[in-house]
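Peer 1: Quick one: sequence and predicted model below, then my questions.
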Amino acid sequence: MYQVARELEFCYGHRLLNYAGKCRHLHGHNGRAIITLSASKLDELGMLVDFAEIKEKVQRWVDENLDHNMILCKDDPIVPLLESAGERYFLMDTNPTAENIARLIFERAVASGLPVVSVQLWETANCHASFVADSDAKAP
């Protein structure tokens, strides 16, 4: 199997609902996502996927939707306040944990047709979460 990976950096804010720790408060991260693709064959140029294609399909979406944005659960009571103030936000159906944001990016990469096998999201230099493809799933 061949694998390639591309790192994406973006800044985001979030908070966790129904959480007793510090992350219940609005705060921000300098995130780093590592998108890993895998395939058993290379194309006619000898590439799994051109790194520029990963940038175009995933980095662009991250930049437009997540970078310098508040990532919040759709049930967060602060959403109307942000909306009335004209602030940016991105809503998720779930709490915007590192695990769920990694899955969000994974699903976006899959939807764009990339043979993604995992996404790691580093919230800090010491903490990261991953979402990995089901071993029974077929890559696109």
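Peer 2: Yep, that arrived.

Peer 1: Please make it C-alpha for all contacts and neighbour counts, starting now.
Peer 2: Noted.

Peer 1: And the strands in the protein?
Peer 2: Counting by DSSP state E, the chain has strands at residues 2-14, 27-39, 69-73, 89-92, 116-122, 128-132.

Peer 1: Show the pLDDT at S135.
Peer 2: In this prediction, S135 carries a pLDDT score of 65.

Peer 1: So which residue is smack in the middle of the chain?
Peer 2: Taking C-alpha atoms, centre = their mean, the centroid of the chain lies closest to I105, which sits 3.1 Å from it.

Peer 1: nearest spatial neighbour of it, skipping sequence neighbours?
Peer 2: Closest residue to I105 apart from its sequence neighbours, by C-alpha to C-alpha, 6 or more residues apart in numbering: V119 at 7.1 Å.

Peer 1: likewise G28?
Peer 2: G13 (3.9 Å).

Peer 1: how deep is that neighbour tucked in, by neighbour count?
Peer 2: 20 (other C-alpha atoms under 10 Å).

Peer 1: What count of nearby residues applies to D63?
Peer 2: Neighbours of D63 (other C-alpha under 10 Å): 15.

Peer 1: show me what contacts it?
Peer 2: F10 (C-alpha atoms under 8 Å, 6 or more residues apart in numbering).

Peer 1: Kindly recompute the last result at 10 Å.
Peer 2: Contact analysis of D63 by C-alpha atoms under 10 Å, 6 or more residues apart in numbering lists 8-11, 69.
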